[in-house]
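In: would you be able to build a 3D model of this:
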Amino acid sequence: MTIEYAQVRDLSIHRIREGYETGEFTPAEIAAAHLDRIAGGDPCNAFCLVDPDETMRMAAASTARWQAGKPLGNLDGVPVTLKDALLTKGWPMLKGSWLNDADGPWTEDAPSVARLREAGAVFLGKTTTPEFAWKGVTDSDRTGITRNPWNLERTSGGSSGGAAAAAAQGIGAVAIGSDGGGSIRIPASFCGVVGLKATFARVPAYPASPFGQLSHVGPLARRAADIAEVMDVITGYDPRDPDVAWDARSAFRAGLEHILPGLRIGYSADLGFADVQDEVSAATKEAVLVLGEVLGASVSRVEPLFDDPIDAFHILWFSGCAKVLAGYGDRVGRETIDPGLLEVSDQGAELSASDYLDALAVRGDLRRRMAEYFLGHDLLVTPTMPRTAFEAGREVPDGSGLKRWTQWTPFTYPFNMTGNPAITVPCGTDSAGLPIGLQIIGRHGADELLVAVAAQFQKAVGLPGPATPAPSAAAA
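Out: Got it, this is the predicted structure:
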């Protein structure tokens, strides 16, 4: 039987599993439908690697397990995509840069990839990222510009831009990305999907990021319930990540239906320093009211919690960029590297140890302030982004007068500095039909609560259909 992509692109993981259990369809049929969709065109430029033979090999093995009544678990046969910043055995990790050799060897899986492989998930391919995932939009000299599936003239965001663009179209039930300053939440908000930056080290990572404890691994999907399914698999101890607790346990799927009355939610429209578009403000304010009604929560406005930590973040981030390029030594050919990356790397190389320690002190103060806030609150809610997606192929919006991507992402990078879990969930669209995201932040370790709240919010407001990119001269 041939399954058409239109029949499978909006299936939840639960529905996929149900189809496998009843024999309605097989993992091989589902995988083939997704591969046919990718082969039919990738106008968003979401993928930088597709390996149909390997995908179908994985799908055939899963099909045999289901037919024998011996699936490996809840994700067996589920199609997933992997950001090209994650080690994947047999597939190159290029990170959007000519500095990386596709020939490898590539002999190891990152922890999250290994857990998915062990669970029987089927890998559809690797998704695009800007060079070394350094910025909040997705374009590079090596892999080109990644575009927004709701409007191909607009950016997908970044750095997990390919992951978000694929997820928004329903290509793969879930995508795995990474987030060092908003790299899951920015594109998830721009593309209209759910994206979770888990508590730092809740999802093990390897190799260690040059951006240190700013960097997190996490999933993106159209449904918060699918985020829960995947988090139960990719969390847990891995000896390659010394920051992960030995006794790490997860209960995401089990926690989805918990009744959550009496939550204390603080709402900040601008964190005291963000310039937010009117349509974004209106949509997120309405979403906060829905949260209060659906959850029976107590919602209050909160005063600014901290000053904008952008200068300290730049020290930490630019130092990481300098570390990235320094690792390539004489192989660095400046003519092929993103000019913005070169600029911030050069700035990072000029920073002193004292500068870095001062930035860590700011980070420590932010962590303290957020810990104190959560003594009296369960959640903090903000817009995810202060604006909707702008022109593709630009680091900053045209005519904005801004220079760096961090200047239009004020709601994301502070919570990389604090390590708190943060999830974005679609909460509306602007007048041009571009998605708007609501960000929900919790105390350290409250990841299950965030996913449950996002899932209940989606139950209340419903899900938009998968994006169907329209033809565009920009993508031609």
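
In: contacts only, for residue 413.
Out: 181-182, 214, 309-310, 313, 317, 406 (CB atoms under 8 Å, 6 or more residues apart in numbering). Placement of C-beta: from N, CA and C, glycine included.

In: show me which of those residues is closest to residue 363.
Out: residue 309 (7.6 Å; CB to CB).

In: OK, contacts around the closest one?
Out: 362-363, 366, 413-414, 417.

In: look up how far residue 412 lies from it.
Out: 12 Å (CB to CB, to the nearest Å).

In: same deal with residue 65?
Out: Distance from residue 65 to residue 412, by CB to CB: 39 Å.

In: okay, those two: which has more neighbours?
Out: A count of neighbours by other CB atoms under 10 Å puts residue 412 above the other of residue 65 and residue 412, at 25 against 17.

In: for the protein, identify the residue most remote from the centre.
Out: residue 68 (34.7 Å; CA atoms, centre = their mean).

In: check that one and give its pLDDT.
Out: Note on residue 68: pLDDT of 98.

In: got it, and residue 398?
Out: So residue 398 comes in at 97 (pLDDT).

In: equivalent analysis for residue 472, please.
Out: Confidence score, pLDDT, at residue 472: 56.

In: and the residue farthest from the centre of the chain, how close does it get to residue 62?
Out: 11 Å.

In: where does pLDDT dip in the protein?
Out: Scanning the chain for pLDDT under 70 picks out the ranges 1, 248, 259, 331-332, 471-476.

In: not counting sequence-adjacent ones, nearest residue to the residue nearest to the spatial centre of it?
Out: For the chain, the residue nearest the mean C-alpha position is residue 184 (2.4 Å; CA atoms, centre = their mean). Closest residue in space to residue 184, ignoring its immediate chain neighbours: residue 195 at 4.2 Å, by CB to CB, 6 or more residues apart in numbering.

In: burial measure for the one you found, as a count.
Out: Residue 195: 35 neighbours (other CB under 10 Å).

In: surely it is within a strand?
Out: Yes: assessed by DSSP: H, G, I helix; E, B strand; the rest coil, residue 195 belongs to a strand.

In: list the beta-bridge partners for it.
Out: Counting by DSSP bridges, residue 195 forms beta bridges with residue 220, residue 424.

In: how much space between the residue farthest from the centre of the chain and residue 74?
Out: 17 Å.

In: with residue 101 instead?
Out: Distance from residue 101 to residue 74, counting by CB to CB: 36 Å.

In: between these two, which has more neighbouring residues?
Out: residue 74 (18 against 11).

In: that one in helix, strand or coil?
Out: Per three-state DSSP, residue 74 ends up coil.

In: now it: how far from residue 230?
Out: Counting by CB to CB, the gap from residue 74 to residue 230 is 9 Å.

In: how about the strands in the stretch 251-400 of the chain?
Out: Secondary structure of the stretch 251-400 of the chain by DSSP state E, counting those that start in this stretch: the strands cover 264-267, 298-301, 379-383.

In: list the contacts of the second one.
Out: When you say that, I think you mean strand 298-301. 262-269, 288-289, 291-292.

In: quick one: buried ones out of those?
Out: 263, 265-269, 288, 291-292 (16 or more other CB atoms under 10 Å).

In: need the contact list for the closest residue in space to residue 112 that isn't next to it in sequence.
Out: Residue nearest to residue 112 in three dimensions, not counting chain neighbours: residue 234, with 4.2 Å by CB to CB, 6+ apart. Residues in contact with residue 234 (CB under 8 Å, 6+ apart) are 111-112, 115-116, 176, 203, 217, 219.

In: from residue 143, how far out is residue 234?
Out: In terms of CB to CB, residue 234 sits 25 Å off from residue 143.

In: which residues sit in contact with the nearest residue to residue 310 once chain neighbours are set aside?
Out: Counting by CB to CB, 6+ apart, residue 310 lies nearest to residue 406, which is 5.7 Å off, once chain neighbours are set aside. Contacts here follow CB under 8 Å, 6+ apart; on that basis residue 406 touches 136, 181, 310, 313-314, 317, 413.

In: now render the residues you listed as JSON lines, adding distance to residue 154.
Out: Output for these, formatted as JSON lines (distance: CB to CB, whole Å):
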{"residue": "136", "distance to residue 154": "14"}
{"residue": "181", "distance to residue 154": "20"}
{"residue": "310", "distance to residue 154": "24"}
{"residue": "313", "distance to residue 154": "25"}
{"residue": "314", "distance to residue 154": "26"}
{"residue": "317", "distance to residue 154": "24"}
{"residue": "413", "distance to residue 154": "22"}
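
In: residue 340: which of those residues is nearest?
Out: Closest to residue 340, out of all of these and judged by CB to CB, is residue 136, at 10.9 Å.

In: wait, that closest one sits on residue 184?
Out: No: applying CB atoms under 8 Å as the test, residue 136 and residue 184 come out as separate, 10.9 Å apart.
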